[in-house]
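Peer 1: Curious how this folds, go ahead:
(chains A and B)
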There are 2 protein chains.
Amino acid sequence: MNRLCLHTVTIKPWSTEECISKFSAAGVGGITFWRYNLDGRDPAVVGKQAREAGLEIVSLCRGGFFPGKTAETRQAAIDDNRRCIEQAHALGAPLIVLVCGAVPGQPLEESRKQIADGIAAVLPDAEAAGVKLGIEPLHPMYADDRSAVNTMRQANDICDALGSPPMLGIAADVYHIWWDPELEHQISFTAAQGRLFAFHICDWKTPTTDLLNDRGLMGEGCIPIRQISDWVDATGFSGHREVEIFSNRYWAMDQDEWLTKITGAYRELYR
Amino acid sequence: MNRLCLHTVTIKPWSTEECISKFSAAGVGGITFWRYNLDGRDPAVVGKQAREAGLEIVSLCRGGFFPGKTAETRQAAIDDNRRCIEQAHALGAPLIVLVCGAVPGQPLEESRKQIADGIAAVLPDAEAAGVKLGIEPLHPMYADDRSAVNTMRQANDICDALGSPPMLGIAADVYHIWWDPELEHQISFTAAQGRLFAFHICDWKTPTTDLLNDRGLMGEGCIPIRQISDWVDATGFSGHREVEIFSNRYWAMDQDEWLTKITGAYRELYR
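Peer 2: A predicted model of the protein is given here:
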């Protein structure tokens, strides 16, 4: 249970304070905050509350969304990422997860270039703040408007192109990468480069009825989560297994019961 | 217009006979039949009707679905693919498109092996019948239950593993492969191997509201269709551009108007 981390968005109906107290009461080891958790709050206070509740702050979701059709839009994204870095620093989150962004109709090559440029622009801020940046490759079904970075290989290529800065790495989410025929190799390669910063779990349901908000709980889908998790652990990774589930179905149920289902599924997966 | 081919499923409400007469009247050059078009009909008669209407028969959709949890299931798939080859031969279709299959929960590696084994089993029948087999890499969002082959690279690997038989190649559909950072290279590589058997077009809508039946008409989405099409033509490919659109929305409208929209979008794309 110590390696279990919950993303607050997984239990979206709960307030920041409810997440902290209830995750803690459930014996969860870590918490990943989403930026909406900080709305109207002092990040330093939220961070203190979480740590005093015995939760390790794993990351802040999410930065990124660097591509834009105009220089102004791209600069606004860079500015926003700088604010995100400040927030993460104040919160005490060692890592920001980057959903890199894409613009429908803009060539993916152009978006990929803008992503690399955007990361390069904010990297000095991240380094100064002691906050790592984790590129999260997103499933190719999000290449239209969420991320032009869709495989671990591409994420590694960006890290390479930027000179392999130690503060830049990858957040690996099984939902996005489970289908990749190169997955086992990419996981070990990423870790060997010192870039495996985070590991997210959930499941892929058959059928999936919504491209965004129909993720499954571990065990109810087709992703070989334990297999992938074992590949991750085999690299020496000892970080958290972060449960990140967007689900209209689960968000509609009693959220205390939902949390119990999650911890139960986690225990079953790693027993 | 001569290179425009329509998949009958694109205008799903129409009968086989309506597709033939109306595609012909619209000046469409080619037709790809789906197997349901042959239900209760003699494939040889259907083929004759199409040719007499001035339509070139481009392919028959679809064979494949080789993986299965039991040897019996896999043998049944092989038997069905043999029937499909017989149908294509009688119809006069030079190509069968393979949607390779996947079984939720079965490791993708195992499904990929079963796919290669299945293709190897039916290849002699295809060769004897003079019918080509085109592996269609499917978008990774279909890796759960439709295809464990999700990139052109993987499809090429299967062709290589089976000894590059001339009757085995690839059907490239922009919907499935547009996001692939290797796309331009894979298209030219595939063509250089003599394996680029078919080219399918449609568009990716933002948002996409259904994983299966919400494809867009060319021009209303984010796929750089003309760019990809130019890469295809640059290899020397002179085959049809096949419009294959699954859309609950379009199937619900007047189908004569829908056909007019399609030919209009096609002309706009290639003017």
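Peer 1: Please make it C-alpha for all contacts and neighbour counts, starting now.
Peer 2: OK.
Peer 1: any idea how far A:G118 is from chain B?
Peer 2: 19 Å (C-alpha to the nearest C-alpha, to the nearest Å).
Peer 1: pretty sure that residue is touching A:G63, no?
Peer 2: No: A:G118 is not in contact with A:G63 according to C-alpha atoms under 8 Å; the separation is 10.8 Å.
Peer 1: Get me the contact residues on the stretch 51-200 of chain A for chain B.
Peer 2: A:104-108, A:139-141, A:143-145, A:148, A:150, A:179, A:181 (C-alpha under 8 Å from any C-alpha of the partner chain).
Peer 1: ok, and the most crowded of those?
Peer 2: Greatest neighbour count in these, by other C-alpha atoms under 10 Å in any protein chain shown, goes to A:A148: 33 neighbours.
Peer 1: mind checking how far that one is from B:D180?
Peer 2: 10 Å (C-alpha to C-alpha, to the nearest Å).
Peer 1: start to end distance for stretch A:128-142?
Peer 2: Using C-alpha to C-alpha, the two ends of stretch A:128-142 sit 31 Å apart.
Peer 1: ok, A:L4 - how many residues close by?
Peer 2: Neighbour count of A:L4, defined by other C-alpha under 10 Å: 18.
Peer 1: cool, A:Q227 as well?
Peer 2: A:Q227 - counted by other C-alpha under 10 Å - has 12 other residues nearby.
Peer 1: which SSE is it in?
Peer 2: Secondary-structure element containing A:Q227, defined by DSSP states H and E: helix A:225-234.
Peer 1: now A:V58
Peer 2: strand A:56-64.
Peer 1: Show me what A:I96 bridges to in the sheet.
Peer 2: For A:I96, the beta-bridge partners are A:L60, A:L133 (DSSP bridges).
Peer 1: hmm, back to that, wait, which of the residues of the stretch 51-200 of chain A next to chain B is closest to chain B?
Peer 2: Nearest to chain B among those: A:G105, at 4.3 Å, using C-alpha to the nearest C-alpha.
Peer 1: For the closest one, give me the pLDDT.
Peer 2: pLDDT recorded at A:G105 is 94.
Peer 1: who's in contact with the residue nearest to it when sequence neighbours are not counted?
Peer 2: Excluding the flanking residues, the one nearest A:G105 by C-alpha to C-alpha, 6 or more residues apart in numbering or on different chains is B:C222, at 4.3 Å. Taking C-alpha atoms under 8 Å, 6 or more residues apart in numbering or on different chains, we find B:C222 in contact with A:104-106, A:144, B:203-206.
Peer 1: so how far is the helix holding A:Q227 from its chain's centroid?
Peer 2: Here the centre of helix A:225-234 is set off from its chain's centre by 17 Å, with C-alpha atoms, centre = their mean, to the nearest Å.
Peer 1: Would you give the sheet partners of the next helix or strand after it, along with the direction of each?
Peer 2: Once the chain leaves helix A:225-234, the next helix or strand it forms, by DSSP H and E, is strand A:241-243. Applying DSSP bridges, strand A:241-243 is found paired with strand A:4-7 (parallel), strand A:196-201 (parallel).
Peer 1: can you give me the strands in chain A?
Peer 2: Remark: strands assigned in chain A by DSSP state E are A:4-7, A:30-34, A:56-64, A:95-99, A:132-135, A:168-173, A:196-201, A:241-243.
Peer 1: which one of these has the most crowded surroundings?
Peer 2: Across the strands of chain A, the average number of neighbours (mean count of other C-alpha atoms under 10 Å in any protein chain shown) peaks for strand A:132-135, which reaches a mean of 28.
Peer 1: tell me the centre residue of chain A?
Peer 2: A:V97 (4.7 Å; C-alpha atoms, centre = their mean).
Peer 1: doesn't A:V131 make contact with it?
Peer 2: No: judged on C-alpha under 8 Å, A:V97 makes no contact with A:V131 at a distance of 10.5 Å.
Peer 1: ok so, going back, is it possible to export the strands paired with strand A:241-243 to CSV including mean pLDDT?
Peer 2: CSV is the format used below for the strands paired with strand A:241-243 (pLDDT from 0 to 100):
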stretch, mean pLDDT
strand A:4-7, 98
strand A:196-201, 98
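Peer 1: closest to A:N37 out of those strands?
Peer 2: Smallest distance to A:N37 across the strands paired with strand A:241-243 (C-alpha to C-alpha): 10.8 Å, for strand A:4-7.
Peer 1: which residues touch that closest one?
Peer 2: Residues from elsewhere that reach strand A:4-7 (C-alpha under 8 Å, 6+ apart): A:23, A:28-34, A:58, A:240-245, A:266.
Peer 1: again, only this time at 7 Å
Peer 2: A:28-33, A:240-244 (C-alpha atoms under 7 Å, 6 or more residues apart in numbering or on different chains).
Peer 1: Okay then, goodbye and thanks.
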